[in-house]
Structures are given as C-alpha cells and as structure tokens.
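> Using only what follows, build the 3D model:
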Amino acid sequence: MDAWLWIVIIAAIVVIGLIVYSMMTRQRAHQRSTRLRDRFGPEYDNVVDDDSRRRRREGEAELQRREELHDELDIHELSPQTRDRYAREWEDLQRRFVDSPDHSVSEAEHLLTAVMSDRGYPIGDEFEEHADLVSVDHPQLVQNFRDAHAVYERSQRREAETEELRRSLLSYRALFEELLA
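Okay, the predicted model is just below:
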C-alpha cells in the first residue's frame, strides 16, 4: 500500500476518534447537568446561566463545590427532646409576633441558626456560604431563606414593614419545619 493511503487511513481514524471523544464528553456533561438540575431544582436556575456555555460550566462547578463541602459535613438528625424543645420555642416566638414582629423575626433567624448548628451545618459570619450549604439539602427552600434573611437585615435597620415581616416568618418556618422533620 502506498504511503499516502496509510496517511488517509490514520487521519480518518484520528477524526473518528475525536468525534467519538467529543460525543462522550458532551454526554457526560449532559448527564452532570441533569443530575445537578435534579438535585438543586430551582437553585440550579439561580446559579447556572444556560445562555453561555462558559457561565454554565462555572455555575455547575459552583454547585459541585457546594456538594463537596456538604459531603465533608456531619449533618445529623436532632434528638426527639431537642426537636420538641425547638418546636416549643417556635410556637412561643410565633405568639409574640403580634406584639413585636421585628423581634420575632430576629428570634426566628437566631432559632433557625441554632437548629442548623445542632444539625451539623457550620455557622459562620457569611450568610451566603451558610445558604449555599443549605441549598444542597433544601434547594426548594433556600431562596425563601435568602429572602427571609434579607427582610431580617432590613428589620434590624427598622426598614421592614409588618407584611414583609410576616412573610419572612413564614419562610423561616418552612425551613425550620423541614430541618426538624
């Protein structure tokens, strides 16, 4: 066989190999995207921008980073006694809402932080890092948690209205109940 024929055969094999490799890479990326979308739900859409491949990769890398950090944590159930104590504290703060909505929202923030700490979530100064870790287990509720926290911060400056405080307390309660369950 002539040398040029061998060159054509080798080039064809290389091209076919590159096409197969490209297809496999795309399939793996699609499977990763699907897995992350299923796990993170609405949080996936908040973090990942599908309009740009580069931004999508960065967003998915961020979600994977959250998973890796989360996997290093020792998240555990609360004891029945601790769960009951927290439930009573929540009922008490809800009763006080009518007389002191600002204070009740502040209490809800602190109570939720205590529950998270007891469950094994790290409690640091940076709220977003805290919310990012919560998003791994509770992607359906994390945006409500962020919204409630924003109202809490505004209430600390006396800028939040009573209806906002009420909605904030409801958002805190949804995550609180999920963490106790």
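> which SSE is the most centrally placed residue in the chain in?
By CA atoms, centre = their mean, the chain has its centre lying nearest to S135, at 1.7 Å. Element membership for S135 (DSSP states H and E) is helix 127-137.
> Could you check the angle the helix or strand following that helix makes with helix 127-137?
Using DSSP H and E, the helix or strand that follows helix 127-137 in sequence is helix 142-156. Computed by axes from the mean of the first three to the mean of the last three CA atoms, to 10 degrees, the angle separating helix 142-156 from helix 127-137 equals 150 degrees.
> Packing partners of helix 142-156?
helix 42-47, helix 101-119, helix 127-137, helix 162-180 (3 or more CB pairs under 8 Å, 6 or more residues apart in numbering; DSSP states H and E). Placement of C-beta: from N, CA and C, glycine included.
> how about a markdown table for those helices, with distance to W6 and mean pLDDT added?
As requested, these are exported to a markdown table (distance: least, CB to CB, whole Å; pLDDT from 0 to 100):
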| stretch | distance to W6 | mean pLDDT |
| --- | --- | --- |
| helix 42-47 | 49 | 87 |
| helix 101-119 | 65 | 93 |
| helix 127-137 | 54 | 88 |
| helix 162-180 | 65 | 93 |
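> how about CSV for those helices, with distance to Q27 added?
Formatted as CSV, the helices and strands packed on helix 142-156 follow (distance: least, CB to CB, whole Å):
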stretch, distance to Q27
helix 42-47, 19
helix 101-119, 37
helix 127-137, 25
helix 162-180, 34
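> of these, which approaches E62 most closely?
With distances scored as CB to CB, the stretch of the helices and strands packed on helix 142-156 nearest to E62 is helix 42-47 (5.7 Å).
> How far away from the center of its chain is the next helix or strand along the chain from that closest one?
Downstream of helix 42-47, the next assigned helix or strand under DSSP H and E is helix 53-71. In terms of CA atoms, centre = their mean, to the nearest Å, the centre of helix 53-71 is found 11 Å from the chain centre.
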